[in-house]
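**Student:** My questions concern the predicted model and sequence given below.
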Amino acid sequence: MKHLIFALVAAWLTACGSAKLPQAGAAAGESSSSGTATMSLSTLQPAPARLSDETIREDLQTLNRLQDRLRQLNEGGMAQTAYPLAKAQCWLDTARSQYQENDRSGYVQAALTEADRIARALGADKNATVGDDTPLVARSTRLREDLWQQLAALKRQTDTLVCTARSLACAEVRLVRAGHAEQQTGWRAATPHVAMVEDGLRRAALEAQQCAPPAPLPVAPPTAPPIASPSQPTATPSHVVILVPPPPTPAAPPPAAPPPAASPPAASPPVVEKAQPVVVEHFLLLSDVAFASNQAGLADMLPGGRQRLNTLVQHLKTYARIERLQIVGHADRLGPASRNEALSLQRAQAVRDYLGAAGLTVQQWEVVGKGASQPVSTHCPARLPRPAARACMAPDRRVEITVTGLLR
């Protein structure tokens, strides 16, 4: 009898679950027999149902399907530095990270829905203006109004958005994540995320500064030397030579005296060429923008990295001579030190190969890999989950380029 009761209860729970739980991965835009739209393609199982390995595997497949759609947009010609695509990727990253941390508050599905909404719009029209808004999903608190205003100000600089889009988009999503942590646990849990936003803002400001081409130096028009009036003689500047014509030859010179010899013109002062000053410039290339994850070869360079380097090449061609070009690769401190050192050196060599193939003439190349020995993000907590730690240490994954030479 007891076994019969358990069997009936199990059958009833199975029937209820099949009626209430949505089917993960159902195709977007399908309609039921009654004509009503079904759920989004990127819909996860409800949090209470995330208990079995099968359910979790289905959810991960849903996350991966959306990642594949974003990849297809990128491979179709949309740069990862395009703001809408970057925003969708940041929403998907935070959804995946919180799913792995077993967040059951509704934040995961809400973030995934935002990524899905942007991906759908871009799939229909690659030039769609979408993702500019950043909703406070899952009742997240709106923290640090000053940071929101700084992000908005940088977004309004449309001429540099091609360089700052990824940093700004992820900083906006991270600020929502900070508000979610504050709403769930309190301010202390939000502080690491706020620090990441501050780092993202500093990185975006630096990217904006380096993105705009330097303004040409103003050249003063040449000034003509003053013309001396016969009635008002003026002082002759030391650098101006006035040629005095010889006196006219008389028509009938007196036989007693020969005509006076004409005075030779005054010798011009030697012209001393002014030496051009040596210029030293620094440029920053973030590895997350330039290379695929854990990749370092020239073939692994992303469209965003190629675009940044093309801009750099055009600027370097304004040099009359490049005496020295130093390329230093850096890595974060995740993983083995030997792997990080090799990865940083390989990425620096890939940048050197790309610049060399662009036709730059450089007197001396210097390529160095520093590994994780010179981190920029020193505030990341020691016990962050790996996805959060990787996001916090993003500024460490970089290639620094220093140019020494003479401008034209």
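**Tutor:** Thanks, I have it.

**Student:** Stretch 128-139 spans what distance, first to last residue?
**Tutor:** End-to-end distance of stretch 128-139 (Cα to Cα, to the nearest Å): 27 Å.

**Student:** buried residues in it?
**Tutor:** Val130, Gly131, Thr134, Val137, Ala138 (16 or more other Cβ atoms under 10 Å). All C-beta spots, glycine's among them, are computed from the backbone N, C-alpha and C.

**Student:** swap in stretch 294-301?
**Tutor:** For stretch 294-301, by 16+ other Cβ under 10 Å, it's Gln295, Ala296, Leu298, Asp300, Met301.

**Student:** before we move on, back to that, so which of the buried residues of stretch 128-139 would you say is closest to Leu309?
**Tutor:** Nearest to Leu309 among these is Gly131, at 26.1 Å by Cβ to Cβ.

**Student:** if I pick the residue nearest to Leu161 when sequence neighbours are not counted, what's in contact with it?
**Tutor:** Leaving aside its sequence neighbours, Leu161 sits nearest to Tyr83 (Cβ to Cβ, 6 or more residues apart in numbering; 6.1 Å). Residues in contact with Tyr83 (Cβ atoms under 8 Å, 6 or more residues apart in numbering) are Gly131, Asp132, Lys155, Leu161, Ala165, Leu168, Ala169.

**Student:** go again using 10 Å as the cut-off
**Tutor:** 118, 129-132, 155, 158, 161-162, 164-166, 168-169 (Cβ atoms under 10 Å, 6 or more residues apart in numbering).

**Student:** likewise Gly329?
**Tutor:** 285, 287, 296, 340-352, 367-371, 397-400 are the contacts of Gly329 under Cβ under 10 Å, 6+ apart.

**Student:** from these, which would you call buried?
**Tutor:** 285, 287, 296, 340-352, 367, 369-371, 397-400.

**Student:** now Gly335: how far from Glu341?
**Tutor:** 11 Å (Cβ to Cβ, to the nearest Å).

**Student:** what do the two both touch?
**Tutor:** Ala372.

**Student:** Next SSE downstream of the helix or strand where Asp68 lies?
**Tutor:** According to DSSP states H and E, Asp68 maps onto helix 53-75. Where DSSP H and E defines the elements, the next helix or strand beyond helix 53-75 is helix 83-100.

**Student:** immediately after that next one, which helix or strand?
**Tutor:** Counting by DSSP H and E, the next helix or strand C-terminal to helix 83-100 is helix 107-124.

**Student:** how about that next one: buried residues?
**Tutor:** Result for helix 107-124 [16+ other Cβ under 10 Å]: buried residues 107-122.

**Student:** Please apply the same query to stretch 387-402.
**Tutor:** For stretch 387-402, a neighbour-count test (16+ other Cβ under 10 Å) marks 388-401 as buried.

**Student:** Those into JSON lines, with extra columns for distance to Arg144, secondary structure and pLDDT?
**Tutor:** Shown next, in JSON lines, are those (distance: Cβ to Cβ, whole Å; DSSP: H, G, I helix; E, B strand; the rest coil; pLDDT from 0 to 100):
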{"residue": "Ala388", "distance to Arg144": "18", "secondary structure": "helix", "pLDDT": "84"}
{"residue": "Ala389", "distance to Arg144": "22", "secondary structure": "helix", "pLDDT": "85"}
{"residue": "Arg390", "distance to Arg144": "23", "secondary structure": "helix", "pLDDT": "84"}
{"residue": "Ala391", "distance to Arg144": "18", "secondary structure": "helix", "pLDDT": "83"}
{"residue": "Cys392", "distance to Arg144": "17", "secondary structure": "helix", "pLDDT": "85"}
{"residue": "Met393", "distance to Arg144": "21", "secondary structure": "coil", "pLDDT": "85"}
{"residue": "Ala394", "distance to Arg144": "19", "secondary structure": "helix", "pLDDT": "83"}
{"residue": "Pro395", "distance to Arg144": "19", "secondary structure": "helix", "pLDDT": "83"}
{"residue": "Asp396", "distance to Arg144": "23", "secondary structure": "helix", "pLDDT": "87"}
{"residue": "Arg397", "distance to Arg144": "25", "secondary structure": "coil", "pLDDT": "88"}
{"residue": "Arg398", "distance to Arg144": "25", "secondary structure": "strand", "pLDDT": "89"}
{"residue": "Val399", "distance to Arg144": "30", "secondary structure": "strand", "pLDDT": "92"}
{"residue": "Glu400", "distance to Arg144": "29", "secondary structure": "strand", "pLDDT": "92"}
{"residue": "Ile401", "distance to Arg144": "33", "secondary structure": "strand", "pLDDT": "92"}
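
**Student:** Adding distance to Glu198, write these out as JSON lines.
**Tutor:** What follows is those, written out as JSON lines (distance: Cβ to Cβ, whole Å):
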{"residue": "Ala388", "distance to Glu198": "15"}
{"residue": "Ala389", "distance to Glu198": "17"}
{"residue": "Arg390", "distance to Glu198": "18"}
{"residue": "Ala391", "distance to Glu198": "13"}
{"residue": "Cys392", "distance to Glu198": "11"}
{"residue": "Met393", "distance to Glu198": "14"}
{"residue": "Ala394", "distance to Glu198": "13"}
{"residue": "Pro395", "distance to Glu198": "11"}
{"residue": "Asp396", "distance to Glu198": "15"}
{"residue": "Arg397", "distance to Glu198": "18"}
{"residue": "Arg398", "distance to Glu198": "17"}
{"residue": "Val399", "distance to Glu198": "23"}
{"residue": "Glu400", "distance to Glu198": "21"}
{"residue": "Ile401", "distance to Glu198": "25"}
